[in-house]
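**Student:** predicted structure and sequence below. I'll ask about it afterward.
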Amino acid sequence: MAATTLIMKTFTAIVEKCTETGLYVGYVPGFPGAHTQGTSLDELQQNLQEVVSMLLEDGEPVLDAQFVGTQQLAIA
């Protein structure tokens, strides 16, 4: 019996909190369809993992953007 090698993929998600609903909203930049929400950060993490796993079942995504980072802005 041959051992199966599991390849882990890592994606960066942006997380925001909706001021109207109080829900956490997350999305993977450039990955169409990779977005969801949750009532807690733990629930959001689980939901993001599920949606990205489902999307990966259709094959490798064609990313239309790549996350680079964040920047702080100081405005006088």
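**Tutor:** Good, I have the coordinates.
**Student:** residue ranges of the helices in the protein, please?
**Tutor:** Counting by DSSP state H, the chain has helices at residues 41-56.
**Student:** in it, where is pLDDT below threshold?
**Tutor:** For the chain, applying pLDDT under 70 flags the ranges 1-3.
**Student:** gap between Val28 and Ala13?
**Tutor:** Computed as CB to CB, to the nearest Å, the Val28 to Ala13 distance reads 5 Å. Bear in mind the C-beta positions are built from the backbone N, C-alpha and C, glycine included.
**Student:** find residues that contact each of the two.
**Tutor:** Here Val28 and Ala13 share the contacting residues 34, 48, scored by CB atoms under 8 Å, 6 or more residues apart in numbering.
**Student:** who's more crowded, these two?
**Tutor:** Between Val28 and Ala13, counted using other CB atoms under 10 Å, Val28 has the larger neighbour count: 22 against 19.
**Student:** ok, now which ones touch that one?
**Tutor:** By CB under 8 Å, 6+ apart, the contact set of Val28 is 11-14, 34-35, 48, 52, 67.
**Student:** could you redo the last one with a cut-off of 7 Å?
**Tutor:** The neighbours of Val28, taking CB atoms under 7 Å, 6 or more residues apart in numbering as the test, are 11-13, 34, 52.
**Student:** looking at those, which is nearest Glu43?
**Tutor:** Nearest to Glu43 among those is Ala13, at 13.3 Å by CB to CB.
**Student:** the residue lying closest to the closest one once chain neighbours are set aside: how many residues sit nearby?
**Tutor:** Spatial nearest neighbour of Ala13, chain neighbours left out: Gly26 (4.6 Å); criterion: CB to CB, 6 or more residues apart in numbering. By the measure other CB under 10 Å, the count of residues near Gly26 is 20.
**Student:** my guess is Gly26 meets Thr12, correct?
**Tutor:** No: in this structure, Gly26 is not within contact of Thr12 by CB atoms under 7 Å, at 10.4 Å.
**Student:** hang on, the earlier thing: for the residue nearest to Ala13, list each beta-bridge partner.
**Tutor:** With beta bridges defined as DSSP bridges, Gly26 has these partners: Val15, Thr36.
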